[in-house]
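Colleague: mind looking at a prediction? Sequence and model below.
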Amino acid sequence: MSGLFTTLSSVAHALDAQRYGLEVAGQNIANLNTEGYARRRLELAERPVKSGLGGVEILGVRTTRDAFIDSRLRSELPAQSQLDARSSALSIVETSLGDEGAALSESMSALFASFSSLSVDPQSSVARDGVLLQAKRVGNAFNELDRRLEASYRQADADVRGSFGEVNQLSKRIAELNRQIGDSAGGDTSGLTDQLNLALESLAKLTRISVITQPEGTVDVSIGAGRAVVVGANSYELTATAAPGTGLAELRIGGVDITDELEDGSIGGLLQVRDEDIPAYRTQLDQLAYDLTDAVNTLHTSGYDRNGAAGANFFNPLTGVSGAAAAIGVNPTVANDSSKVAASSTSTGGDNGIAKALAALTTAKVAVNGTSTLTEGWSVLVNRVGTDTANAKNDLKTREEVVNAITRLRDSVSGVSLDEEAGKLLQFQRAYEANARFFTAIDSTISTLLATFGAAR
Amino acid sequence: MRITFNSLRDGLNAINTAANQLAAAQLQVASGKRVNVPSDDPRAAQRAINSQASIDELDAYKSVADSAGSRLSAIDSAMSDVVDKISEARVALQSALGTEANQAIRDSAASTFEGVRDAILADMNSTFGGTHLFSGTNAANDAYENVAGVWTYQGSPDEMSVAIGPNREVAVTRDGEEILKGTDSVDLLTVLDSLATAARTGDRTTLQAGIDQLDRAFTRATHAQSQVGYDETSIEDSKSRLLTLRTSAMAQLSKDQDANMAEAITRMSRAQTTYQAALGAVAATSKVSLMDYLK
């Protein structure tokens, strides 16, 4: 049986424990809005003594974190970020197409309508000027569309270049946190672990990562096909070099080009837009520009102008499909002299055979290897951009739901509940009060005892 | 499951989703369009482009049909004049062949033949918007010119046609030689010159032969005029058909592109209610805390 002074000491420990409980609750409340913070839990146990009642002792403060949930979240974040980056970039691309994607088809329709008008008045200077005006408009529409796609393409590349810097920054941060955790030598590393998890999540948003957690709590991180970016306290930098010819960013680590390995995360999304989506759209646009140029030039050069001379190329001749949308434009020889517009199929002049044939191109299957009209070819491109964008947006919504669900799950384990902390505050406050009363009672008992001794003497 | 302070974030997500839905519904009502960007409905956007292109094509046909109609009116007018002039020549020829015809009457007839020749030449060389109406596809040239004392057709036997509808064309110039000469050995202008000379010299044989020549010319001219009338009717038919096709294309375009306003307004109203409910729910739940009850 312990003595009064031992009891007094035990109660003092209990008071410390309850006060510490209040501090832990206060810490949790203080970090309500701290991103990455996992709630702390005070662990108490009965104080072991050889005989009698030992009171309470503080075992420690535990961070409530579920490693499996954290890992699941890190594995879902790259896909969400990839879709987010892609849908944002594609949303800008689809607005480039003009009002509901009709900008180019309207100008092409206007060109063919002008050829129709010319077929009625093949000698008319007004009709010829109208043809040239609409042809320039079509050329400008192709040029402008290609310029906008080029701008989106370059923006995606610039964003990729910006992102690799973030990867390096986060890798350094993780390596530094690893070093601090390693140096803590068994001390409380919960704060560092919170920051480490936050940094890993940020990195997972940029690209898919593989994380190996070491027994002491440090992590080794790799990206792509197992390319290590963090090993212990060391980080390995990504570098961006300009690809020969295109000047596009190639991401390298240790001199190895890993661009094709980065499929997920915002970097993966941007690379998909830069290397797959926009080049495919530009190829389709180039094909349309090439088909239009080829069809119009073929007819135009088979005809005769108002002076009876053989028709020149109506559009500047193109050397190939690649770059056609940027290069298409009315041949200056024709553009500067409307009499050079070849409307006649005979050298005697006055005929409208070529103008009529040019007008009929509006319904001719001259696009996409003769399988569709030019307008249909354009509508297919618009459909493709719209479908890609809609799919990216829809997939993003689904993925967001998954990430939100896992985040809620993680929060249910690691998040701070204000009500719960309020309850804890009350619990520890009352416990402290009770212990204080007990302390007072023991103190009073000792005083009584001492007073009794004093009275006897 | 523990409900933590972070659940407020879910509430904010719900508010954001509701706000996006409200903004989308408002855009539909304000613009009157169901498809504002291709991703709203890619297939509808594709169909709308093709429908609009069809409408543009039909409008182009309509414009050509209107111009062709004006041109055929000009041809019709010229042909009426030619028919009148041939009738006038026929009357003069009868007077020159009459039993009481004297030199003065024959000279007068000769003058009439020459006047009719000039008038018919002017009709044959008439233009509309710079295009010669009776030169066939050689529409830049006069139909007839006097080359070294011989009336020579400068035009082409082929007629210039324009498209006034899908797979539908109408000729907007005529082969002048077909009208003035046909299968005869000489054209009407040469016949009139011969008749003028014959009238002055009293060559009754030539004058007598001229009756049949003028009659055949009259037949050719009236036949050509009736063909013009048929083509004018054809243009009106085509315009009517174009209007029907355009109405159908517009209906398809509207179906793909335009918002159903009743539905859009209902959706906007529903989105507004959802948005208000989301705001209210978050505001209400975030106000309640055990902290409020601690003394």
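Modeller: Yep, that arrived. Numbering: from 1, shown residues only, chains lettered A, B, ... in the order given.

Colleague: for the rest of this, base every contact and every neighbour count on C-alpha atoms.
Modeller: OK.

Colleague: which residues in the chain form helices?
Modeller: Assuming you mean chain A. Secondary structure of chain A by DSSP state H: the helices cover A:4-30, A:67-96, A:103-120, A:125-183, A:190-206, A:265-272, A:278-301, A:324-327, A:332-335, A:353-359, A:374-414, A:418-456.

Colleague: if you could check chain B rather than the one you did, that'd help
Modeller: With DSSP H, the ranges of helices along chain B come out as B:7-31, B:42-97, B:103-124, B:176-180, B:188-201, B:204-257, B:261-287.

Colleague: enumerate the positions of the first one that are buried.
Modeller: Pointing back at helix B:7-31 there. Within helix B:7-31, the residues scored as buried using 16 or more other CA atoms under 10 Å in any protein chain shown are B:7, B:11, B:14-15, B:17-19, B:21-22, B:24-29.

Colleague: which one of these is nearest A:Val368?
Modeller: Relative to A:Val368, the closest of these is B:Gln28; by CA to CA it sits at 34.1 Å.

Colleague: residues contacting the residue lying closest to the closest one once chain neighbours are set aside?
Modeller: Among residues not flanking B:Gln28 along the chain, B:Arg34 sits closest, at 5.7 Å (CA to CA, 6 or more residues apart in numbering or on different chains). By CA atoms under 8 Å, 6 or more residues apart in numbering or on different chains, the contact list for B:Arg34 reads B:Gln28, B:Asp40, B:Asp256, B:Gln257, B:Asp258, B:Ala259, B:Asn260.

Colleague: so where is the chain shaky, pLDDT-wise?
Modeller: Went with chain A since none was named. Counting by pLDDT under 70, chain A shows low-confidence ranges at A:1-2, A:99-102, A:455-457.

Colleague: hmm, I had chain B in mind actually
Modeller: B:6, B:294-295.

Colleague: again, 50 this time
Modeller: Across chain B, nothing is flagged by pLDDT under 50.

Colleague: and A:Ala295, how close does it get to A:Leu104?
Modeller: According to CA to CA, to the nearest Å, A:Ala295 and A:Leu104 sit 17 Å apart.

Colleague: who has more neighbours out of these two?
Modeller: A:Leu104 (24 against 16; other CA atoms under 10 Å in any protein chain shown).

Colleague: what residues are up against that one?
Modeller: Listed by CA under 8 Å, 6+ apart, the contact set of A:Leu104 reads A:Leu97, A:Val138, A:Ala141, A:Phe142, A:Trp378.

Colleague: if we go to 7 Å?
Modeller: For A:Leu104, the contact set (CA atoms under 7 Å, 6 or more residues apart in numbering or on different chains) comprises A:Val138, A:Ala141.

Colleague: got phi/psi on the residue nearest to B:Gln28?
Modeller: Backbone torsions for B:Arg34, taken as degrees, to the nearest 10, come to phi -80, psi -30.

Colleague: please report how far it lies from chain A.
Modeller: B:Arg34 sits 11 Å away from chain A, going by CA to the nearest CA, to the nearest Å.

Colleague: neighbours of A:Ala30, how many?
Modeller: Using other CA under 10 Å, the number of residues around A:Ala30 comes to 11.

Colleague: okay, it and A:Tyr37: tell me how far apart.
Modeller: 10 Å.

Colleague: need the winner for burial among the helices of chain B.
Modeller: Neighbour counts (mean count of other CA atoms under 10 Å in any protein chain shown) averaged over each of those peak at helix B:176-180, with a mean of 24.

Colleague: can you count the residues close to B:Asp158?
Modeller: B:Asp158 is flanked by 15 other residues according to other CA under 10 Å.

Colleague: in contact with it, which residues?
Modeller: By CA under 7 Å, 6+ apart, the contact set of B:Asp158 is B:Gly136, B:Thr137, B:Asp175.

Colleague: export the helices of chain A to a markdown table and tack on distance to A:Lys50?
Modeller: Listed next are the helices of chain A as a markdown table, based on distance: least, CA to CA, whole Å:
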| stretch | distance to A:Lys50 |
| --- | --- |
| helix A:4-30 | 13 |
| helix A:67-96 | 38 |
| helix A:103-120 | 89 |
| helix A:125-183 | 36 |
| helix A:190-206 | 33 |
| helix A:265-272 | 58 |
| helix A:278-301 | 77 |
| helix A:324-327 | 90 |
| helix A:332-335 | 105 |
| helix A:353-359 | 106 |
| helix A:374-414 | 37 |
| helix A:418-456 | 21 |
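
Colleague: mean neighbour count, those: which tops it?
Modeller: Mean neighbour count (mean count of other CA under 10 Å) peaks for helix A:265-272 among the helices of chain A, with a mean of 28.

Colleague: and the residue nearest to A:Lys393 when sequence neighbours are not counted, what does it touch?
Modeller: Of all residues beyond its chain neighbours, the one nearest A:Lys393 is A:Ser87 (5.6 Å), with distances taken as CA to CA, 6+ apart. By CA under 7 Å, 6+ apart, the contact list for A:Ser87 reads A:Thr389, A:Ala392, A:Lys393.

Colleague: from the residues you listed, pick the one nearest chain B.
Modeller: Comparing the contacts of A:Ser87 against chain B with CA to the nearest CA places A:Thr389 closest, at 5.7 Å.

Colleague: wouldn't that closest one be in contact with B:Asp41 here?
Modeller: No: A:Thr389 is not in contact with B:Asp41 according to CA atoms under 7 Å; the separation is 10.4 Å.

Colleague: closest to B:Ser126 out of the helices of chain A?
Modeller: B:Ser126 lies closest to helix A:103-120 among those, at 16.0 Å (CA to CA).

Colleague: dump the closest one to CSV, restricted to CA.
Modeller: C-alpha atoms of helix A:103-120 as CSV (Å, rounded to 0.1, in the frame of the first residue of the first chain):
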residue,chain,number,x,y,z
ALA,A,103,-15.9,29.1,-88.4
LEU,A,104,-14.0,27.2,-91.1
SER,A,105,-17.0,25.5,-92.7
GLU,A,106,-18.8,28.9,-93.0
SER,A,107,-15.8,30.4,-94.9
MET,A,108,-15.6,27.3,-97.1
SER,A,109,-19.3,27.5,-97.9
ALA,A,110,-18.9,31.2,-98.7
LEU,A,111,-16.1,30.4,-101.1
PHE,A,112,-18.1,27.8,-103.0
ALA,A,113,-21.1,30.2,-103.0
SER,A,114,-18.8,32.8,-104.6
PHE,A,115,-17.8,30.3,-107.3
SER,A,116,-21.6,29.8,-107.9
SER,A,117,-22.0,33.5,-108.3
LEU,A,118,-19.1,33.6,-110.7
SER,A,119,-20.7,30.8,-112.8
VAL,A,120,-23.6,33.1,-113.4
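
Colleague: quick check: residues of chain A near chain B?
Modeller: A:94-95, A:100-102, A:105, A:109, A:113, A:116-117, A:119-121, A:123-124, A:348-352, A:356, A:375-376, A:379-380, A:382-383, A:386-387, A:389-390, A:411-412, A:415-419, A:422 (CA under 7 Å from any CA of the partner chain).
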